[in-house]
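Asks: coordinates for the following, if possible.
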Amino acid sequence: MDNAAGIRLLSLDGPTLSFAAACLAALLGLFLISAWLQQRNIRALAWWGAAYMIGAASIVFWSAPSPLISLSPEFSEALMFIACGMIWNGVRLFHGRRLWPTPMFAGAIVWLIGCQMPGVPEGSAGRIAFGAILVSIYTFFIASELWRERRKSLFSRSAAIVVPSVHAAIFLLPLAMRALLPDVFTTEWQTVLALETVIYAVGTAFIVLLMVKDRDVHVYRQAATTDHLTGLFNRRAFLESANQMFARQGARGEPVTLLMFDLDKFKSINDRFGHGVGDSALKVFAHVASSSVRSTDVFGRLGGEEFAAIIPEETDGAIQVAERLRLAFQEAGIVIDGHEIGATVSIGVATSYAAVPDLDALLLRADEALYAAKNGGRNRFHIAPDEPGCEQARQAAAARNALANSGIIKRRLAARRARKLGPAVAG
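Replies: Numbering: from 1, shown residues only. Reported below is the predicted structural model:
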């Protein structure tokens, strides 16, 4: 190589790369549509696959020589905005929300109208900025849909950051290149767009497949841990969560209280009104329980008409929860499915301060208290006798709470003094 000539940079052939990008987008679209044919319940896959096919058509119309395809650049570029809108609607559909067809086409319509203005001729910086703004709006919509689902799974939280970041980085790159490297941008615009399409198509398809996989895992996990009738934890999931809470509270030296629930005269409800009404009574109780317990409590159905809750509280705090739930169900159970039933619930309460968790022993104590409540007249709660050595544990817990409260009081007093001294020091 001639040293005077310097280093020659390899350049990619733009039309060839555009053709490769169109083929890749079309293949990914066909792959997503075939995945939808295998999982018809996930209609979002069809939307995403169709969006890829439309994106591939947009690249073909935009990059093909004029004698072959005479479609104006504005219309071919508008197809890309329709594809963005379909991806956004696909995300909405994937998360169980209704489609918004009008906003899906709004970007393409605004683009076609804006391209007729005198300040945005083809290839100008104004047109590039205009397109970047439209893409950013769709990016915001996609990010907001993912952000709404951030609590449901770890991947949804990650996707809420990754998707919009990749989306913005890929599609806003031409605007930065136009400002920083105008000469390179002018001569290599087609290559840049093709590279963007390849990167974005592969990255988005990867994220879409992860979302589908994440949803399948969530569905299977929910089916394995949820009671199909009431939507509460099933017995296995409840016992696992209860053991975790018990161990956590025991390590801290703090109590847990177990509540056992049994619907009164449930067999009589089934015999008089049928099993359908009995199932409705269970659903009503589950709904009342979900509204009465707190986010820190664990609630589940053990089987039949038996339910249980474990609460990170002493007996007094758990009794408040039990009484609130009992009264709420007494009101809700008066009429169920149009029948005057007067359903009620009996509750057994048992508290443990054990440093070494023994959930079986706690369940047995709560179950004995439950039968004492039923034998005492039903529609009431009964508290199990204290376990051996609980008085010392209760005193130790009270001392820790008093110490913690004194620390809080001291910090509040210090903050109050600081606020009072603040103006004087400033003066």
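
Asks: right, and the helix or strand after whichever helix or strand residue 223 is part of?
Replies: Following DSSP states H and E, one finds residue 223 within helix 189-225. Moving toward the C-terminus from helix 189-225, the next helix or strand (DSSP H and E) is helix 235-252.

Asks: export the helix or strand that that next one is followed by as CSV, just CAs?
Replies: Downstream of helix 235-252, the next assigned helix or strand under DSSP H and E is strand 256-263. The C-alpha trace of strand 256-263 is given here as CSV (Å, rounded to 0.1, in the frame of the first residue of the first chain):
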residue,chain,number,x,y,z
VAL,A,256,-45.8,-14.0,64.0
THR,A,257,-49.5,-14.7,64.4
LEU,A,258,-51.4,-17.3,62.4
LEU,A,259,-55.1,-17.0,61.7
MET,A,260,-57.1,-20.0,60.7
PHE,A,261,-60.5,-19.4,59.0
ASP,A,262,-63.4,-21.8,58.4
LEU,A,263,-66.7,-20.8,56.8
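
Asks: direction included, what does strand 256-263 pair against?
Replies: strand 306-311 (antiparallel), strand 345-352 (antiparallel) (DSSP bridges).

Asks: ok, residues contacting the first one?
Replies: For strand 306-311, the surrounding residues in contact (C-beta atoms under 8 Å, 6 or more residues apart in numbering) are 232, 238, 241-242, 245-246, 256-262, 285-286, 289, 293-294, 296-302, 317-318, 321, 363, 366. Bear in mind the C-beta positions are built from the backbone N, C-alpha and C, glycine included.

Asks: could you say what helices and strands whichever helix or strand comes after it packs with?
Replies: Downstream of strand 306-311, the next assigned helix or strand under DSSP H and E is helix 315-332. Contact partners of helix 315-332 among helices and strands, from 3 or more C-beta pairs under 8 Å, 6 or more residues apart in numbering; DSSP states H and E: strand 256-263, helix 275-292, strand 306-311, strand 345-352, strand 381-383.

Asks: tell me what the shortest one is packed against?
Replies: In other words, strand 381-383. helix 315-332, strand 345-352, helix 359-375.

Asks: pull the second one out as CSV, backbone CA atoms only.
Replies: The one in question is strand 345-352. Extracted C-alpha coordinates of strand 345-352, given in CSV (Å, rounded to 0.1, in the frame of the first residue of the first chain):
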residue,chain,number,x,y,z
VAL,A,345,-66.7,-17.4,59.4
SER,A,346,-65.0,-18.6,62.6
ILE,A,347,-61.3,-17.8,63.3
GLY,A,348,-58.6,-19.4,65.4
VAL,A,349,-55.7,-17.2,66.5
ALA,A,350,-52.2,-18.4,67.6
THR,A,351,-49.1,-16.3,68.1
SER,A,352,-45.5,-17.6,68.3
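
Asks: now it, how far from the chain's geometric center?
Replies: 33 Å (C-alpha atoms, centre = their mean, to the nearest Å).

Asks: please renumber the chain so that the first residue is 9 from this point on.
Replies: All set: I'll call the first residue 9, so the last point we hit is now strand 353-360.

Asks: okay, angle between that strand and helix 323-340 too, please.
Replies: 170 degrees (axes from the mean of the first three to the mean of the last three C-alpha atoms, to 10 degrees).

Asks: so which bits of strand 353-360 are buried?
Replies: 353, 354, 355, 356, 357, 358, 359, 360 (16 or more other C-beta atoms under 10 Å).

Asks: got it, and stretch 337-345?
Replies: So stretch 337-345, judged by 16+ other C-beta under 10 Å, has buried residues 337, 340, 341, 344.

Asks: please apply the same query to stretch 242-255.
Replies: The neighbour-count check on stretch 242-255 (16+ other C-beta under 10 Å) flags 242, 245, 246, 247, 249, 250, 253, 254 as buried.

Asks: and those residues as a markdown table, adding pLDDT?
Replies: Converted to a markdown table, those look like this (pLDDT from 0 to 100):
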| residue | pLDDT |
| --- | --- |
| 242 | 92 |
| 245 | 90 |
| 246 | 92 |
| 247 | 92 |
| 249 | 91 |
| 250 | 91 |
| 253 | 91 |
| 254 | 88 |
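
Asks: on that earlier part again, so which of the helices and strands packed on helix 323-340 is nearest residue 26?
Replies: Nearest of the helices and strands packed on helix 323-340 to residue 26, taken as C-beta to C-beta: helix 283-300 at 54.8 Å.

Asks: how far does that closest one sit from its chain's centre?
Replies: For helix 283-300 - counting by C-alpha atoms, centre = their mean - the centre lies 26 Å from the chain centre.

Asks: next, the angle from that helix to strand 353-360.
Replies: Going by the same axes, to 10 degrees, helix 283-300 makes 40 degrees with strand 353-360.

Asks: show residues contacting helix 283-300.
Replies: 237-240, 269, 271, 274, 277-278, 307, 309, 313, 315, 317, 329, 332-333, 336-337, 340-341, 344-345, 347, 349, 351, 353.

Asks: could you rerun that using 6 Å?
Replies: Applying C-beta atoms under 6 Å, 6 or more residues apart in numbering, the contact partners of helix 283-300 are 238, 240, 277-278, 307, 332-333, 336-337, 340, 344-345, 347, 351.

Asks: average pLDDT for it, rounded please.
Replies: For helix 283-300, the mean per-residue pLDDT is 92.

Asks: list the buried ones in it?
Replies: For helix 283-300, using 16+ other C-beta under 10 Å, the buried residues are 285, 286, 288, 289, 290, 292, 293, 294, 295, 296, 297, 300.

Asks: tabulate those (CSV), appending distance to residue 94.
Replies: Formatted as CSV, the buried residues of helix 283-300 follow (distance: C-beta to C-beta, whole Å):
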residue, distance to residue 94
285, 46
286, 46
288, 41
289, 45
290, 42
292, 42
293, 44
294, 39
295, 37
296, 42
297, 42
300, 43
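
Asks: for whichever strand or helix holds residue 154, name the packing helices and strands.
Replies: Taking DSSP H and E as the definition, residue 154 sits inside helix 133-156. With contacts taken as 3 or more C-beta pairs under 6 Å, 6 or more residues apart in numbering; DSSP states H and E, helix 133-156 sits against helix 81-102, helix 162-188.

Asks: what residues does the shortest one touch?
Replies: Just to be clear, that refers to helix 81-102. In this structure, residues lying in contact with helix 81-102 by C-beta under 6 Å, 6+ apart are 51-52, 55-56, 59, 62-63, 66, 69-70, 107, 112, 115-116, 119-120, 123, 130, 146, 149-150, 153.
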